[in-house]
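Engineer: would you be able to build a 3D model of this:
(one chain, ligands or ions: 3)
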Amino acid sequence: MFYRLIENLRCPDDGNFPMQINVIKIKKLNQFKSKNIRSQIPHCSLLCGRKMQFINNLKKLPECKECYSDYILEGYFTCNKCKRRYPIVKGIPNVLPSNLANLKNSVINHKFITHKISPNEVISNEIKREEMAHHNETAIDYDDWWVNHPRSQIFYKRAVKIWKNNLSESNKSIIDIGCGSGKCSILMAKYGYLIGLDISLKMIEILQKKVFKNGFIVDCVVGDAENLPFYDNCAKSATFWGVAHHLPNRIIAYKSVKRVIEKGGNLLISEPNIKRSYIPFAIGKIINFPYYIIRSFLNLIRSKKLEASKTHITKNEVLLNLNIEKKILNDLGFDIIYSKTRWFFGIIPILWLPKKILFLIYKLFMYFDIVIEKNILKEKGGELCIIANLINK
Ligand SMILES: C[S@@+](CC[C@H](N)C(=O)[O-])C[C@H]1O[C@@H](n2cnc3c(N)ncnc32)[C@H](O)[C@@H]1O
Ligand SMILES: [Zn+2]
Ligand SMILES: [Zn+2]
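Structural biologist: Ligands and ions are numbered 1, 2, ... in the order given. This next block holds a predicted model:
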């Protein structure tokens with residue numbers, strides 16, 4: 001993790017801020033040589049983690065070069081209030097709340113477990129543990145399915161452009177909640193310091209590899225979307241790319257986002273739509289028919305689980321309704337600035353053509369989709385996308 005993360009983190013159990021950092025091992029990175037980031041070094045926004053001082057108390061703005069180049073590989077955070085410790089292992093801090101964390105490794109003092117857990121909380125924790133286990137198990141080929149396929153590359157680039165056009169210039173952070181292996185995090189990282197948070201360590205580790213390889217300034221954090229371990233008003237934007245529909249109680253997560261983003265900041269959700277048309281999926285079934293036959297045959301011979309059936313869908317997922325999500329966000333004090341359902345042809349999953357040809361096909365699909373979205377699609381798109389501005393804190 002970079003020092004810049006310190007000004008963003010708070011204790012998820014009691015909200016204490018800032019937490020004390022104990023550094024054991026550092027690795028020097030030179031992200032500023034990479035073409036993937038802005039050439040200008042941004043300074044810390046509220047508190048300089050390297051100096052452990054609030055910017056307002058300093059006579060002049062700190063030189064924050066090291067806050068973005070010294071990468072803390074091993075260490076831990078300590079909350080001075082509850083005395084809990086949060087480990088940083090291989091550069092990734094684990095800031096899960098105590099009800100989800102592996103207590104044995106992260107606790108030096110048990111007195112923080114003071115509240116009785118309600119039945120709802122028990123069920124909700126079970127779902128989260130299932131999500132964590134499922135994504136840890138399937139992380140290994142998540143990118144093959146959802147990230148590297150030309151369909152995702154083309155359609156998410158387009159969506160990130162729309163998000164970027166509604167982003168403020170402030171120096172605050174961007175938080176990608178449920179970032180997974182970072183499909184959208186790395187597209188958004190050009191526009192500011194980005195933190196990817198996910199409940200699955202295995203997914204986050206894949207993102208971290210991309211950060212090292214491509215020189216992004218992106219921090220990777222293990223945490224819970226419904227109990228964000230971030231300090232009030234530390235972010236200019238928070239995004240859920242296919243995540244809200246995995247959560248036991250997404251309203252709690254939206255409330256957590258409301259606390260974390262600054263007034264005027266924005267929230268994006270891009271989630272599967274309950275009113276989607278099933279025509280493209282039917283077309284997909286027909287197009288992929290030869291593929292399914294060949295794969296079943298091969299798998300009979302190899303007696304291996306049919307690869308194509310493993311679609312990374314968990315049993316906790318629900319489809320969302322555009323108008324209901326808009327109403328929830330409105331009631332929480334957000335102003336909707338963009339709301340659409342997207343993806344008609346683009347959602348057709350073609351599994352068996354060479355990548356170069358697929359790129360051409362999906363580019364064509366995208367242009368068709370743009371026209372269809374404007375004139376016919378209305379509420380029938382595969383995915384709903386909302387960008388909302390926080391006007392009332
Ligand atoms: C469908 S994947 C989307 C990943 C990524 N946003 C993308 O667009 O590729 C859903 C992600 O949500 C994460 N997730 C599920 N429940 C979560 C929770 N309670 N807190 C944080 N992340 C969670 C999963 O681990 C998984 O990486
Ligand atoms: Zn700094
Ligand atoms: Zn604490």
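
Engineer: got a list of what whatever residue of the chain ends up closest to ligand 1 touches?
Structural biologist: Using CB to the nearest ligand atom, Gly180 is the residue of the chain that sits closest to ligand 1, at 2.7 Å. (Glycine included, C-beta is placed from N, CA and C.) Contact analysis of Gly180 by CB atoms under 8 Å, 6 or more residues apart in numbering lists His135, Tyr142, Trp146, Asp198, Ser200, Met203, Ile206, Leu207, Trp241.

Engineer: just the ones of those residues in helices?
Structural biologist: For these, the ones inside helices are His135, Tyr142, Met203, Ile206, Leu207, with DSSP state H as the criterion.

Engineer: please report the distance of the first one from ligand 3.
Structural biologist: By that I understand His135. His135 sits 26 Å away from ligand 3, taking CB to the ion, to the nearest Å as the criterion.

Engineer: what's the nearest residue to Leu207 if we skip its chain neighbours?
Structural biologist: Here the nearest residue to Leu207 in space, its sequence neighbours aside, is Gly182; by CB to CB, 6 or more residues apart in numbering that works out to 3.5 Å.

Engineer: and for Ile301, the neighbour number?
Structural biologist: Using other CB atoms under 10 Å, Ile301 is surrounded by 7 other residues.

Engineer: got it, and Ser270?
Structural biologist: Neighbouring residues of Ser270 were enumerated by other CB under 10 Å; the total is 24.

Engineer: any idea whether it is helix, strand or coil?
Structural biologist: With DSSP: H, G, I helix; E, B strand; the rest coil as the basis, Ser270 sits in strand.

Engineer: pLDDT at it, what is it?
Structural biologist: Residue-level confidence at Ser270 comes out at 98, pLDDT.

Engineer: likewise Lys255?
Structural biologist: The pLDDT attached to Lys255 in the predicted structure is 97.

Engineer: got it, and Ser296?
Structural biologist: Predicted confidence (pLDDT) for Ser296: 76.

Engineer: these two touch, right, Cys179 and Ile199?
Structural biologist: No. With contacts defined as CB atoms under 8 Å, Cys179 does not count as touching Ile199, sitting 10.4 Å away.

Engineer: could you look up the SS state of Arg276?
Structural biologist: In three-state terms, and counting by three-state DSSP, Arg276 is coil.

Engineer: run a quick neighbour tally on it.
Structural biologist: One way to gauge burial is a neighbour count; for Arg276, by other CB under 10 Å, it gives 20.

Engineer: what residues does this protein put near ligand 1?
Structural biologist: Residues of the chain found near ligand 1, taking CB under 6 Å from any ligand atom as the criterion, are 128, 131, 135, 146, 178-180, 183-184, 198-200, 203, 224-226, 241-243, 246-247.

Engineer: in strands, which of these appear?
Structural biologist: Among the residues of the chain next to ligand 1, the ones falling in strands (DSSP state E) are Asp198, Trp241.

Engineer: my guess is the residue nearest to Leu207 meets Lys209, correct?
Structural biologist: No. Between Gly182 and Lys209 there is no contact, the gap being 9.4 Å when judged by CB under 8 Å.

Engineer: what are the bridge partners for Leu194, then?
Structural biologist: Counting by DSSP bridges, Leu194 is bridged to Ile174, Val218.

Engineer: returning to that earlier point: of the ones in helices among the contacts of Gly180 - the most surrounded one?
Structural biologist: Of all the ones in helices among the contacts of Gly180, the most densely surrounded is Met203 (25 neighbours; neighbours counted as other CB under 10 Å).

Engineer: my read: that one touches Lys183, true?
Structural biologist: No. In this structure, Met203 is not within contact of Lys183 by CB under 8 Å, at 10.3 Å.

Engineer: what's next to stretch 217-224, contact-wise?
Structural biologist: With contacts defined as CB under 8 Å, 6+ apart, stretch 217-224 is touched by 1-2, 4-5, 9, 12, 31, 37, 68, 91-97, 100, 128, 179, 182, 185-186, 189, 193-201, 204-205, 207-208, 211, 229.
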